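K.L.:
how would this look folded up:
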Amino acid sequence: METLDDLFVEGAMKLAKKEYDSALEIFNQILESNPNHLKALAARATIYLKREDLVSAEQDLNKVIALEPNNARNYFRLGQVYYKKKDLDRALELFSQAIDLDPMYPAAYMARSQILREKGLEEAADLELNKAVAAYRETAKANKIIDFA
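P.N.:
Below is the predicted model of the structure:
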């Protein structure tokens, strides 16, 4: 008998292969058994985001954040939803929350840079881009130390 974790791995593999319909079926099956399965909710939100179903992505991500409020990635993904909805102020807030939780999150700095650039704030955008590069370098340096320790 397959466990929910086994099913999740199967769904994640389908998601990685961009087999969104199959992956969505699997994640829905998991969520029928356990509506609070964090990984399945987050993965399903990713599919919804890829499909531009922003309402469903937002619902899943809000639930994930309520269940796991200290995970920066969830705020980043919700920020992506708001960016796609053209709500730049809310997206900026969410990317900032992601950075508050994980100051070494290069993608969140890059997203903030993009929004600031779109708002015509070039200097602030460049500063955020520099922070993204610095965070990426520090993360890469830390990974090298871990890999060779």
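
K.L.:
where along the protein do the helices fall?
P.N.:
Assigned helices in the chain, in chain order: 4-16, 20-33, 38-50, 54-67, 72-84, 88-101, 106-118, 122-148 (criterion: DSSP state H).

K.L.:
let me have these in CSV, adding mean neighbour count and mean pLDDT as columns.
P.N.:
(Each C-beta comes from the backbone N, C-alpha and C, glycine too.) Converted to CSV, these look like this (neighbours: other Cβ atoms under 10 Å; pLDDT from 0 to 100):
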stretch, mean neighbour count, mean pLDDT
helix 4-16, 16, 92
helix 20-33, 16, 96
helix 38-50, 21, 96
helix 54-67, 18, 97
helix 72-84, 22, 96
helix 88-101, 19, 96
helix 106-118, 20, 93
helix 122-148, 13, 77
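
K.L.:
give me every residue that touches Leu121.
P.N.:
Contact analysis of Leu121 by Cβ atoms under 8 Å, 6 or more residues apart in numbering lists nothing.

K.L.:
swap in Ala42?
P.N.:
Here Ala42 is in contact with Asp60, Leu61, Val64, Arg73, Asn74, Arg77 (criterion: Cβ under 8 Å, 6+ apart).

K.L.:
run the last query once more with 7 Å
P.N.:
By Cβ atoms under 7 Å, 6 or more residues apart in numbering, Ala42 lies in contact with Val64, Asn74.

K.L.:
what's the answer for Leu49, then?
P.N.:
Ala57, Arg77, Gln80, Val81.

K.L.:
wait, the first one touches Ala43, no?
P.N.:
In other words, Ala57. No - using Cβ atoms under 7 Å, Ala57 is not in contact with Ala43; the gap is 11.3 Å.

K.L.:
how near is the residue nearest to the spatial centre of the chain to Val133?
P.N.:
Centroid-nearest residue in the chain: Arg77, 3.2 Å away (criterion: Cα atoms, centre = their mean). Distance of Arg77 to Val133, given as Cβ to Cβ, to the nearest Å: 22 Å.
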